[in-house]
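**Q** here is my input; please provide its structure:
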Amino acid sequence: MPYDMEEQEDYLKQHSPYDLDKGQWEAMQQRLKAKVLADRAQHAPPRRRKRLWRPAASLAAGIALILSLYVVQRENGPAGKVATAPSLTAEQRLDKAISGLSDADLSWVHQLNEEELPEAGEPDENE
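**A** Reported below is the predicted structural model:
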């Protein structure tokens, strides 16, 4: 059942042991309201001061991160200017890798391939 303040006031006016007219009733309400508000103000907990060091530390860390990224970008250049070789085909990359090998490396690779690769007609030893 919801509480209706006006109904409660009417009930108290009609069933009050004291005979009050409208002015006395309003004066009594004002006294009660003032007493309740004064009581609340007296028992209100003291306001705590907010600690600002946590938000300040977070803000400082964010600014430091942004500045460090800015400095790194200034040193390394923009991210879009990455030095990339033109796209080479697989054959061109293989030719480039082979041309970079010395004669000793080439002979070693050739010898390794001859020894490890089985002939097409020979069965593998592991089978």
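
**Q** pull the distance from the helix ranked longest in the chain to the chain's centre.
**A** The helix that spans the most residues within the chain, counting by DSSP state H, is helix 53-76. On the basis of Cα atoms, centre = their mean, to the nearest Å, helix 53-76 sits 16 Å off its chain's mean C-alpha point.

**Q** for it, what is the average pLDDT?
**A** In this model, helix 53-76 has a mean pLDDT of 89.

**Q** now do stretch 9-18
**A** What stretch 9-18 shows for mean pLDDT is 74.

**Q** also stretch 93-113?
**A** 82.

**Q** that one: which residues count as buried?
**A** By 16 or more other Cβ atoms under 10 Å, stretch 93-113 has no buried positions at all. Every residue, glycine included, has its C-beta placed from N, CA and C.

**Q** that one: end-to-end distance?
**A** Counting by Cα to Cα, to the nearest Å, you get 20 Å between the two ends of stretch 93-113.

**Q** for the residue lying farthest from the centre of the chain, give its distance to K33.
**A** In the chain, D19 marks the outermost C-alpha relative to the chain mean, sitting 66.2 Å out by Cα atoms, centre = their mean. The gap separating D19 from K33 is 22 Å, by Cβ to Cβ, to the nearest Å.

**Q** re earlier: just checking, next helix/strand downstream of the longest helix of the chain?
**A** Downstream of helix 53-76, the next assigned helix or strand under DSSP states H and E is helix 90-99.

**Q** picking that back up, give me the secondary structure label for the residue farthest from the centre of the chain.
**A** Secondary structure assignment for D19 (DSSP: H, G, I helix; E, B strand; the rest coil): coil.

**Q** show me the contacts for it.
**A** Neighbour list for D19: empty [criterion: Cβ atoms under 8 Å, 6 or more residues apart in numbering].

**Q** could you shift the numbering so residue one becomes 51, and keep it that way?
**A** Understood, numbering begins at 51; the last thing we discussed is D69.

**Q** for it, give its distance to K63.
**A** D69 is 10 Å from K63, where distance means Cβ to Cβ.

**Q** again with L82
**A** Separation of L82 from K63 (Cβ to Cβ) stands at 14 Å.
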